[in-house]
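A.B. asks: got a structure for you, letters missing:
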C-alpha cells in the first residue's frame, strides 16, 4: 500500500544517519547542467563529466537508513543553470529542484518540493570526487545538493505521517552548520541575500504539532490519497488543511515555505475543485485569497 514503508519508518527514532552501510537509495533523480548562457566558451566534456558525477551522487548514495524499495524511490529533478565559469574552474548559477510523489489509486503525481536557489557557487574540475560524507562533506556543491535531498525527504515523509520528517531535522541542522562554517561558501548567510536556505530550515525546525506541517499530511494522506475512494470526504480534508494554512500568519511575512506552497499547490487546489458546486468553489476561493494574497488571476477559474 502506498506510503506503508514511510508510515512505518516515521514511527522510528533513527540514529546513526551518517554511518554509510549498504542501504536502498532514496531518490530516482534526473540531473541537467545547462550552460546556454556561456555559449561555446564551455567544454561540453566538462559539463558531461559533472552531470554524470552528480547523477551518481544523487542516485547511488544512501542518505538515510530508511528502507525504500525500487518503486518507492522519490522522483526528483535537479537543474543547474550555469551563467558563469572562470579559468579557475569556479561555476556560478541557479539551482532548481523539484520532487513529486504518486497519489494513491491514481496515475497522478503531486509535487512535494519545488525550489529555486540563486546562490549556486562551486569549483569543479574533471574527475574531482563528489562524495557525500555527512558532516565531513568538504565540497560546497555536494553539501548543497545533499541539504536539498534531506528537505525533499522531510517533505515526503511529512506527507505520509504527521511530522514524519522530524527524524531528519538534526541532519539538516548539521549540514547547515557545515555550510555556515565556510565563510567562502555562498548562500549560507543567516541574514540578507542568501538567507533563504536557513529560513526554509527554520520553518521545519520550529513548526509545532497542529501546525502547517500537520496540514501537509492532512492534505496529502487524508485528502489526495483518498480522492479515488471517497472524493467528498477527501475534499473536506483538503479544505481543512487549506483552512489551517490560511489561519497562520507566516504567509503574510514572506515565509519561504509559503512561497513554495503557492508554487506547488495553488494550481492543484484549484483543479481539484473545478467540478464541484458553486458553494464549494466560492468557499475555496475565499480561503485561497486569504492564503495567497494577490493571486487574483488564477482564482478567476473558481467563479
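C.D. replies: Sure, I can see it. These numbers come from a predicted model, not from an experiment.
A.B. asks: Pretty sure residue 28 sits in a strand.
C.D. replies: Yes - assessed by DSSP: H, G, I helix; E, B strand; the rest coil, residue 28 belongs to a strand.
A.B. asks: What is the burial count for it?
C.D. replies: Look at residue 28: counted by other Cβ atoms under 10 Å, it has 17 neighbours. The C-beta positions use only the backbone N, C-alpha and C, and glycine is treated the same way.
A.B. asks: quick one: buried residues of stretch 112-132?
C.D. replies: 112-117, 119-122, 124, 130, 132 (16 or more other Cβ atoms under 10 Å).
A.B. asks: what two of these are the furthest from one another?
C.D. replies: 112 and 124 (28.8 Å; Cβ to Cβ).
A.B. asks: Quickly run through the sheet partners of the longest strand seen in the chain, with directions.
C.D. replies: In the chain, with assignment by DSSP state E, the single longest strand is strand 109-123. For strand 109-123, the paired strands and their directions (DSSP bridges) read strand 90-102 (antiparallel).
A.B. asks: what residues does the partner strand touch?
C.D. replies: Strand 90-102 is contacted from outside by 2, 74-85, 108-118, 120-124, 144-145, 148, 152, 155-156, 159, 220, using Cβ atoms under 8 Å, 6 or more residues apart in numbering.
A.B. asks: how far is it from where the chain is centred?
C.D. replies: In terms of Cα atoms, centre = their mean, to the nearest Å, the centre of strand 90-102 is found 9 Å from the chain centre.
A.B. asks: Repeat that for stretch 40-53.
C.D. replies: 26 Å.
A.B. asks: Over that stretch, what's the mean pLDDT, rounded is fine.
C.D. replies: The pLDDT scores in stretch 40-53 average 89.
A.B. asks: Equivalent analysis for stretch 273-286, please.
C.D. replies: Here stretch 273-286 scores 90 as its mean pLDDT.
A.B. asks: Show me which positions of that stretch end up buried.
C.D. replies: 273, 276, 280, 281, 283, 284, 285.
A.B. asks: looking at it, the fourth one is touching residue 302, isn't it?
C.D. replies: Yes - at 4.5 Å, residue 281 counts as touching residue 302 under the criterion of Cβ atoms under 8 Å.
A.B. asks: confidence score at the residue nearest in space to the middle of the chain?
C.D. replies: In the chain, the residue lying closest to the centroid (Cα atoms, centre = their mean) is residue 113, at 3.0 Å. Each residue has a pLDDT score; the one for residue 113 is 97.
A.B. asks: Does the closest residue to it other than its chain neighbours have any beta-bridge partners, and if so which?
C.D. replies: Leaving out its chain neighbours, the residue that sits closest to residue 113 by Cβ to Cβ, 6 or more residues apart in numbering is residue 99, at 4.2 Å. Beta bridges link residue 99 to residue 76, residue 113 when assigned by DSSP bridges.
A.B. asks: For the chain, which segments count as helices?
C.D. replies: Taking DSSP state H, the helices of the chain run over residues 4-10, 44-60, 140-160, 169-181, 196-206, 212-217, 231-247, 256-272, 278-291, 296-299.
A.B. asks: for these, which one ends up most surrounded?
C.D. replies: helix 140-160 (a mean of 24; mean count of other Cβ atoms under 10 Å).
A.B. asks: wait, what's in contact with the residue nearest to the centre of the chain?
C.D. replies: 76, 97, 98, 99, 148, 151, 152, 155, 156, 260, 264.
A.B. asks: Can you tell me how far it is from residue 132?
C.D. replies: 18 Å (Cβ to Cβ, to the nearest Å).
A.B. asks: Same check on residue 26?
C.D. replies: Where residue 132 is concerned, residue 26 sits at a distance of 12 Å (Cβ to Cβ).
A.B. asks: Show me whatever sits in contact with both of these two.
C.D. replies: residue 63.
A.B. asks: check contacts around residue 282.
C.D. replies: Counting by Cβ under 8 Å, 6+ apart, residue 282 makes contact with residue 302.
A.B. asks: Please convert the buried residues of stretch 112-132 to CSV, extending it with distance to residue 167.
C.D. replies: Compiled in CSV, the buried residues of stretch 112-132 are given as follows (distance: Cβ to Cβ, whole Å):
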residue, distance to residue 167
112, 17
113, 17
114, 23
115, 21
116, 27
117, 24
119, 28
120, 28
121, 30
122, 29
124, 32
130, 26
132, 18
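A.B. asks: And the residues you listed, which is closest to residue 295?
C.D. replies: Of all the buried residues of stretch 112-132, residue 295 sits closest to residue 114, with 16.0 Å by Cβ to Cβ.
A.B. asks: I figured that closest one hits residue 262, correct?
C.D. replies: No - counting by Cβ under 8 Å, residue 114 stays clear of residue 262, with 9.8 Å between them.
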